[in-house]
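Enquirer: Next input, structure requested:
(one chain, ligands or ions: 2)
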Amino acid sequence: MIVVMQARATDQDIENVVGQIRDLGLQAHVSRGTERTIIGVIGDERLIRKERLALLPHVDDVIPILKPYKLASREFKQENTVVDVAGVRIGGKAVIIIAGPCSVENEEQIMATAELVKAAGAHLLRGGAYKPRTSPYAFQGLGPDGLKLLAKVREKTGLGIVTEVMESSEAEIVAEYADMVQVGARNMHNSKLLRSLARINKPVLLKRNFSATLNEFLMSAEYLLSGGNSRVVLCERGIRTFVDYSRNTLDLNIVPAVHQLSHLPIIVDPSHGTGRQDLVLPMSLAAIAAGADGLLVEVHPHPAEALSDGEQSITPEMFQTLVQQVRAVAQAVGRL
Ligand code: PEP
Ligand code: MN
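Expert: Ligands and ions are numbered 1, 2, ... in the order given. As a prediction, this is how the structure comes out:
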């Protein structure tokens, strides 16, 4: 349920409504817009009668939200959410490109990649220190040492850092180093991890699980929002289908579908979405044409030598071309 306050409602009127909601054991989420304040009622709505709120001073309307996700819905918040990551705004007019290697491997590799992607026009640097790998024998990431290298690279290049957290016990240390914390596809359903990331003061990049429905994806975002972290960016990274020519099937349908249903920004990861270096550029362009707010792209100075995901990593030269072409498509669809 959402309570829409009249434009002339005072802070006292808003407090009054919030108090009534809390007295019933429900949560109130206050969203102050430029013109109006909207209060979301979170919890079992059957506990509250609509009239009880509708008749309070300067309440304009009380509207039920029919979707299972509330705070993530457009019904709750009409204007697009813009998430600030180290001064880079995701969800605004500009298309944002996050680039870097799958894994942080060593200082030379991460520093060189960062400098090259920055020169080509990347806005933020990605790189995993904690890696979710299919095989227990594969490279698992450098852990805290990887985080320290990322911090060093940020210091030198000024690029904000996006890096993955795999479990709640590591949330604090990853958040200490990262400018944006990534939840990987395998962890999208991990509600305990989502709850712990709801309490950190860092934006979250939430990747879609490869078998998640749109509803499940937005419900995972709801865990973050309802737990108090409103800085959430969604990421489509491909789903499992019957096709065998690509690692996953990039579900670009979800981009405009999310924009209809939610105010949250959504970016696209064509690297994991295709698993193929040669498909990354065309699918990046398609993603921007479909309305994505940005891209997450794996770039490695020597893809053949990468310790993870080399087959889908593009070279810095390819990335340069990608940025130029993405800019052209962005302009064609009214973005920057
Ligand atoms: C990654 O971004 O390197 C990654 C592991 O992605 P996903 O969680 O989408 O598989
Ligand atoms: Mn990867």
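Enquirer: and whichever residue of the stretch 201-336 of the chain sits closest to ligand 2, what does it touch?
Expert: Taking C-beta to the ion, ligand 2 has its nearest neighbour within the stretch 201-336 of the chain at Asp309, 3.8 Å off. C-betas here are computed from N, CA, C, even on glycine. The contact partners of Asp309, taken as C-beta atoms under 8 Å, 6 or more residues apart in numbering, are 102-103, 271-272, 298.
Enquirer: give me the subset of those residues touching ligand 1.
Expert: With the criterion set as C-beta under 6 Å from any ligand atom, the members of the contacts of Asp309 near ligand 1 are 102, 272.
Enquirer: nearest to His29, of the contacts of Asp309?
Expert: Sorting the contacts of Asp309 by how near they are to His29, with C-beta to C-beta, puts His272 at the top with 32.3 Å.
Enquirer: what's the helix or strand hosting that closest one packed up against?
Expert: Assessed by DSSP states H and E, His272 sits inside helix 270-274. Contact analysis of helix 270-274 by 3 or more C-beta pairs under 8 Å, 6 or more residues apart in numbering; DSSP states H and E lists helix 277-289, strand 294-298 as its packing neighbours.
Enquirer: what bits of this structure have low per-residue confidence?
Expert: Across the chain, no stretch falls below the confidence threshold (pLDDT under 70).
Enquirer: the longest helix in it is where?
Expert: When secondary structure is assigned using DSSP state H, the longest helix within the chain turns out to be helix 316-332.
Enquirer: ok so, going back, with Arg133 as the reference, measure out to the residue of the stretch 201-336 of the chain closest to ligand 2.
Expert: The span separating Asp309 from Arg133 equals 10 Å under the rule C-beta to C-beta, to the nearest Å.
Enquirer: okay, now the closest residue to ligand 1 within the stretch 151-300 of the chain: neighbour count?
Expert: For the stretch 151-300 of the chain and ligand 1, the shortest gap (C-beta to the nearest ligand atom) falls at Gly184, measuring 2.9 Å. Residues contacting Gly184 under the criterion other C-beta atoms under 10 Å number 22.
Enquirer: got it, and the one 4 residues further on?
Expert: Counted with other C-beta under 10 Å, residues neighbouring Met188 total 26.
Enquirer: now the closest residue to it other than its chain neighbours: how far from Ala119?
Expert: With C-beta to C-beta, 6 or more residues apart in numbering as the measure, Asn209 is the residue that lies nearest to Met188, at 4.0 Å, once sequence neighbours are left out. Separation of Asn209 from Ala119 (C-beta to C-beta) stands at 34 Å.
Enquirer: neighbour count winner among those two?
Expert: For Asn209 and Ala119, the more surrounded residue by other C-beta under 10 Å is Asn209, and the numbers stand at 21 against 13.
Enquirer: list the contacts for the more buried one?
Expert: Taking C-beta under 8 Å, 6+ apart as the contact definition, Asn209 lies against 185-186, 188-189, 216-217.
Enquirer: and if we set it to 10 Å?
Expert: Taking C-beta atoms under 10 Å, 6 or more residues apart in numbering, we find Asn209 in contact with 183-190, 216-217, 220, 237, 239-240.
Enquirer: Arg8 too?
Expert: By C-beta under 10 Å, 6+ apart, the neighbours of Arg8 are 36, 58, 60.
Enquirer: Pick out whichever of those sits closest to ligand 2.
Expert: Arg36 (42.4 Å).
Enquirer: Could you point out which of the contacts of Arg8 is nearest to Leu281?
Expert: When the contacts of Arg8 are compared for distance to Leu281, the smallest value, 43.2 Å, is given by Arg36; criterion: C-beta to C-beta.
Enquirer: The closest one contacts Met5, correct?
Expert: Yes: Arg36 is in contact with Met5 according to C-beta atoms under 10 Å; the separation is 6.0 Å.
Enquirer: I'm done for today, thanks for sticking with me.
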